[in-house]
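Participant: Quick one, what's the 3D model for this:
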Amino acid sequence: LRPRAQIVSVQTVVRRLKRLKPPALLVVDEAHHAASSMWEELLEWAKDSYVLGLSATPRRLDGRGLAGYFDEIVCGPSMRWLIDHSFLAPYRLFAPPGLDMRGVGVVAGDFNRKQVAERVTDAKIVGDAVAHYRTHCEGKRAVAFCVSVEHARQVAEQFQQKGIASTYFEGGTEKGLRDQITRDFESGHIKVLANCELLGEGYDLPAIEAAILLRPTMSLTLYLQQVGRAMRYVDGKVATILDHVGNAARHGLPDMDREWTLEKGGAERKKKDGGEQAGRICTRCFSSSPARATACKWCGTPFPDEARKIGTEEGELAEVRTEKQIEQQ
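Facilitator: Numbering: from 1, shown residues only. Sure, this is the predicted structure:
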């Protein structure tokens, strides 16, 4: 009997389009990729099919909208609702004021990878990843998101030198070894797993308890996908997010309300009390305020006129509290 449903990767199915009959219903996971050439070829092949796209982050880095590929968008529950109803784990986010990205160019909608790698590997990030791991999530299984394979290797070595079991993934890692590393990480024999662009999107391992952000990005989608790896629900788990590169200040807290759209841009922060939600982090009370605020809306501390020059100075990650956490005090 012919199967009534098939689960395939886009790479495989595109190679076989001439041998296959378009389905009655095509379900596209991670539908924000629909504007890429490979997906366009698939959608053209299935132009007479019903198409359902699924995505937690329906926004492309290049800003292209998805209106040419889908007719309507139906927004599901918010991340805040999913946390409150135990579909996602609650989190604690610790962040510095941010890595100084002035002078870094933009390529294809994101920071220039080569220039970012130079700043990151030169240790121009507030604080030390190992020290803050020990302070905020000692013993937890953490995934570190790095800017390059070489950076991932260096991060793994830094943890190893401090006696913390760590390793890294790369695209060329043999599958059997990768599977063994995953098992060792899940069992807790490996505590920190560094990677570059391998464990961000679609990687479902509830054992991940912490995310260490070491790659600055202009992509809201990449940021949310990375922190989401640590927020897979396990009863009693509170995910820890160590943001060493200011992505939370750049994009807002993970569970901030956002209005998703099929139009160009893809998403906007919802307006509240006539203004934009959190965007700047107070260095005194560590709460968040609107991106254009000149002073903290919680304690009144003025924000500096210019971004701090961080360089190689030591720093601390401080917990960023959500409005709900502040109201509960």
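Participant: May I have the beta-bridge partners of Pro302?
Facilitator: Under DSSP bridges, the beta-bridge partners of Pro302 are Ala295.
Participant: oh, and call the first residue 41 from now on, that's how I've got it
Facilitator: Got it, first residue is 41 now, which makes that one Pro342.
Participant: And it, how far from Gly268?
Facilitator: 34 Å (C-beta to C-beta, to the nearest Å). The way it works is simple: take the backbone N, C-alpha and C, and place the C-beta from them, glycine included.
Participant: Ok, Glu70 next?
Facilitator: Per C-beta to C-beta, Glu70 is found 12 Å from Gly268.
Participant: same question, Met296
Facilitator: 14 Å.
Participant: Just the CA trace of the helix or strand Thr175 falls within, in PDB.
Facilitator: Applying DSSP states H and E as the criterion places Thr175 in helix 169-177. Taking C-alpha atoms only, helix 169-177 is exported to PDB below (Å, rounded to 0.1, in the frame of the first residue of the first chain):
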ATOM      1  CA  ALA A 169      31.700  32.500  30.000                       C
ATOM      2  CA  VAL A 170      33.200  29.900  32.300                       C
ATOM      3  CA  ALA A 171      33.000  32.100  35.400                       C
ATOM      4  CA  HIS A 172      29.400  33.100  34.800                       C
ATOM      5  CA  TYR A 173      28.500  29.500  34.000                       C
ATOM      6  CA  ARG A 174      29.800  28.600  37.500                       C
ATOM      7  CA  THR A 175      28.000  31.500  39.100                       C
ATOM      8  CA  HIS A 176      24.600  31.100  37.500                       C
ATOM      9  CA  CYS A 177      24.200  27.500  36.400                       C
END
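Participant: looking just at contacts, which helices and strands does that helix meet?
Facilitator: Applying 3 or more C-beta pairs under 8 Å, 6 or more residues apart in numbering; DSSP states H and E, we find helix 169-177 packed against strand 131-135, helix 189-201, strand 250-253, strand 279-283.
Participant: quick one: strands adjacent to the very next helix or strand once past it?
Facilitator: Next in sequence after helix 169-177, counting helices and strands by DSSP H and E, comes strand 182-185. Each strand that pairs with strand 182-185, with its direction, by DSSP bridges: strand 232-235 (parallel), strand 250-253 (parallel).
Participant: which of Pro342 and Gly268 has more neighbours?
Facilitator: More neighbours surround Gly268 than the other of Pro342 and Gly268, with 24 against 11 (other C-beta atoms under 10 Å).
Participant: Who are the contact partners of the more buried one?
Facilitator: By C-beta atoms under 8 Å, 6 or more residues apart in numbering, the contact set of Gly268 is 96, 128, 294.
Participant: what number of residues lie near the closest residue to the second one other than its chain neighbours?
Facilitator: The one in question is Leu128. Using C-beta to C-beta, 6 or more residues apart in numbering and skipping the chain neighbours, the partner closest in space to Leu128 is Leu122 (4.3 Å). Using other C-beta under 10 Å, the number of residues around Leu122 comes to 17.
Participant: Next: Lys61.
Facilitator: Neighbour tally, Lys61, other C-beta under 10 Å: 7.
Participant: Am I right that it falls within a strand?
Facilitator: No - under DSSP: H, G, I helix; E, B strand; the rest coil, Lys61 falls outside any strand and is assigned coil.
Participant: returning to what we had before: which one of the strands paired with strand 182-185 lies closest to Val278?
Facilitator: strand 250-253 (9.9 Å; C-beta to C-beta).
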